[in-house]
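*Asks:* Just to be clear, the model below is a prediction. Sequence and coordinates:
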Amino acid sequence: MSDTTKTATLTVDGKDYELPIHSPTTGPDVIDIRKLYAQADVFTYDPGFTSTASCDSTITFIDGDKGELLHRGYPIDQLAGKSHYLEVCYLLLYGELPTAEELEDFEQRVTTHTMLHEQMKNFFSGFRRDAHPMAIMVGVVGAMSAFYHDSTDISDPWQREVASIRLIAKMPTIAAWAYKYSIGQPMVYPRNDCNYATNFLRMCFSVPAEDYHPDPILSRAMDRIFTLHADHEQNASTSTVRLASSSGANPFACIAAGIACLWGPAHGGANQACLEMLREIGTPNRIPEYIERAKDKNDPFRLMGFGHRVYKNFDPRAKVMKESADEVLELLGVDNNPTLQVAKELERVALEDPYFSEKKLYPNVDFYSGIILDAMGFPTSMFTPIFALSRTVGWISQWKEMIGDPQNKIGRPRQLYLGETARDYIDIENR
Ligand code: SDX
């Protein structure tokens, strides 16, 4: 924690309380209220955590006004353009960009852990074929704690390291196998002679009769999608992983909790919901109807892939994703893709509408990602599993940071209670 010289004064019932202020390396100061309840017998109130810092961290910084995203200080557009996913994984996990030797060793450790225990295949066959792949991922990742007992003791730094590598390495296999199971095709084993993104594409689209060799541009686009989703500060699913980890639960159970939270359409499920929305709109001439619905307070419809709790400017990831969409669709010869045309026109119309500009609602990471994944051949049900695969390194990095923090204690919020005060039980004959 940074040293504290500034303080805030809070007056409650005429009594002043001095609260320490901590200053970050960049971003807003924070008021330390940890002793407030003991001193003033009051709680603070912040449903949805719109003004609450839940922890301190050195991993990722977001400036919502500038539309800036830094991973260990490096801007996301530079990482997306010059780095690659496993190097970004190293950066998030260990804090610095690796030397060539460090990167080779890390990639080798990940590559040699991509296989799943053969018996874990039984978990997939226990699901209905039409099960959503996110349901399968929650189940299979949670079940990893029943197979990898030698990396569940979180007090052992070595076991924490092994669990981290296993999760990063095995998520593509789990996601690909969930997909293969859902379409009734045989599961494809990972290979050690492919890079991370190519391996995933191969496991998804190879069949026994014909191996799939993705165009390097597609592998690069897939890798860039992984990088753009790698980490994002204290979002809902990362906060879920931190809260689950604070009880001492094993890393596989905590990541399974993060996957479950990410599934929601307000969070990682928005990429699937966005493409389904774009398809429902269908043609640019129907956009005004949907813009009006999004603005109508009495209509629960929202523009999926638009808006963000933190970004009040363009999501920098959406900009990179939009460029990648143009590149991939041109390569695949679908650059006149009607869904992309609707997306671009919807973005243009929305950003010219005062409702969106005044509320600072811009496209987020989910607005264009689905168009790329759809063009690659993924069904919409695989969009959020790919987000979960990518975000695993962020969850793990934040988990390791928290577990390694001596201040770490179980997360236990309080409440504003509005229910009944104590009253006596009434026998049923007297009700
Ligand atoms: C992700 O946190 C992260 O970092 C998440 C993420 C990550 O990498 O981990 O970035 C990934 O989850 C991106 C967001 C994906 N979700 C969507 O695209 C779903 C659509 N977006 C919204 O549901 C919404 O914008 C949220 C959930 C993303 C943010 O909601 P907030 O911050 O709670 O904002 P809000 O709901 O209070 O909205 C503020 C105002 C409201 O109007 P008023 O009540 O003030 O009149 O803006 C309106 C909202 O009605 N609004 C929208 C809108 N989003 C907000 N109106 C129409 N369409 C939208 N998409």
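*Replies:* Received it, and whenever you're ready, just let me know what you need. Treat the numbers as computed from the prediction; the structure is a model and nothing was measured. Numbers count the residues shown, from 1 in each chain.
*Asks:* Show me what from this structure comes close to the ligand.
*Replies:* 232, 235, 266-268, 270, 294, 302-310, 359, 361, 364-366 (CB under 6 Å from any ligand atom). The C-beta positions use only the backbone N, C-alpha and C, and glycine is treated the same way.
*Asks:* and the lengthiest helix in the chain, which residues are buried?
*Replies:* When the chain is parsed with DSSP state H, its longest helix is helix 157-182. Under the neighbour-count criterion of 16 or more other CB atoms under 10 Å, helix 157-182 has 159-160, 162-182 buried.
*Asks:* how far off helix 157-182 does whatever helix or strand comes next after it point, in degrees?
*Replies:* Proceeding N to C from helix 157-182, the next assigned helix or strand is helix 196-205, under DSSP states H and E. Counting by axes from the mean of the first three to the mean of the last three CA atoms, to 10 degrees, helix 196-205 lies at 30 degrees to helix 157-182.
*Asks:* Packing partners of helix 196-205?
*Replies:* When contacts are defined as 3 or more CB pairs under 8 Å, 6 or more residues apart in numbering; DSSP states H and E, helix 196-205 sits against helix 85-94, helix 100-111, helix 157-182, helix 216-228.
*Asks:* any residues touching stretch 117-124, and which ones?
*Replies:* The list of residues contacting stretch 117-124 from outside it, by CB atoms under 8 Å, 6 or more residues apart in numbering, reads 136, 139-140, 143-144, 147-148, 177-178, 181, 187.
*Asks:* Tell me, how many residues neighbour whichever residue of the stretch 1-150 of the chain sits closest to the ligand?
*Replies:* The stretch 1-150 of the chain approaches the ligand most closely through Gly48 (6.1 Å), counting by CB to the nearest ligand atom. Neighbour count for Gly48, taken as other CB atoms under 10 Å: 8.
*Asks:* Shouldn't it be within a helix?
*Replies:* No - applying DSSP: H, G, I helix; E, B strand; the rest coil, one finds Gly48 to be coil, outside a helix.
*Asks:* do you know how far it is from Pro413?
*Replies:* 12 Å (CB to CB, to the nearest Å).
*Asks:* Could you report the neighbour count for whichever residue of the chain sits closest to the ligand?
*Replies:* Closest contact between the chain and the ligand, by CB to the nearest ligand atom, is at Gly307 (2.4 Å). Using other CB under 10 Å, Gly307 has 21 other residues around it.
*Asks:* coming back round to it: for Pro338, find the nearest of the helices and strands packed on helix 196-205.
*Replies:* Nearest of the helices and strands packed on helix 196-205 to Pro338, taken as CB to CB: helix 216-228 at 20.0 Å.
*Asks:* other SSEs contacting the very next helix or strand once past the closest one?
*Replies:* Under the assignment DSSP H and E, the closest C-terminal helix or strand after helix 216-228 is helix 236-246. With contacts defined as 3+ CB pairs under 8 Å, 6+ apart, helix 236-246 has these neighbours: helix 251-262, helix 383-403.
*Asks:* Quick check: end-to-end length of stretch 246-253?
*Replies:* 12 Å (CA to CA, to the nearest Å).
*Asks:* Identify each buried residue in it, please.
*Replies:* So, applying 16+ other CB under 10 Å, buried residues of stretch 246-253: 246, 249-253.
*Asks:* picking up where we left off before, export the helices and strands packed on helix 196-205 to a markdown table and tack on mean pLDDT and distance to Gln78?
*Replies:* A markdown table is the format used below for the helices and strands packed on helix 196-205 (pLDDT from 0 to 100; distance: least, CB to CB, whole Å):
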| stretch | mean pLDDT | distance to Gln78 |
| --- | --- | --- |
| helix 85-94 | 98 | 11 |
| helix 100-111 | 98 | 17 |
| helix 157-182 | 97 | 22 |
| helix 216-228 | 96 | 11 |
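*Asks:* In TSV: those, plus distance to Tyr355.
*Replies:* TSV is the format used below for the helices and strands packed on helix 196-205 (distance: least, CB to CB, whole Å):
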stretch	distance to Tyr355
helix 85-94	36
helix 100-111	45
helix 157-182	37
helix 216-228	27
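*Asks:* Would you map out the domains in the protein?
*Replies:* For the chain, the structural domains run 7-63, 82-415, going by automatic domain parsing.
*Asks:* Name the stretch among those that sits most buried.
*Replies:* Mean neighbour count (mean count of other CB atoms under 10 Å) peaks for domain 82-415 among these, with a mean of 19.
*Asks:* Quick one: distance of that one to the chain centre.
*Replies:* Counting by CA atoms, centre = their mean, to the nearest Å, domain 82-415 is centred 6 Å from the centre of its parent chain.
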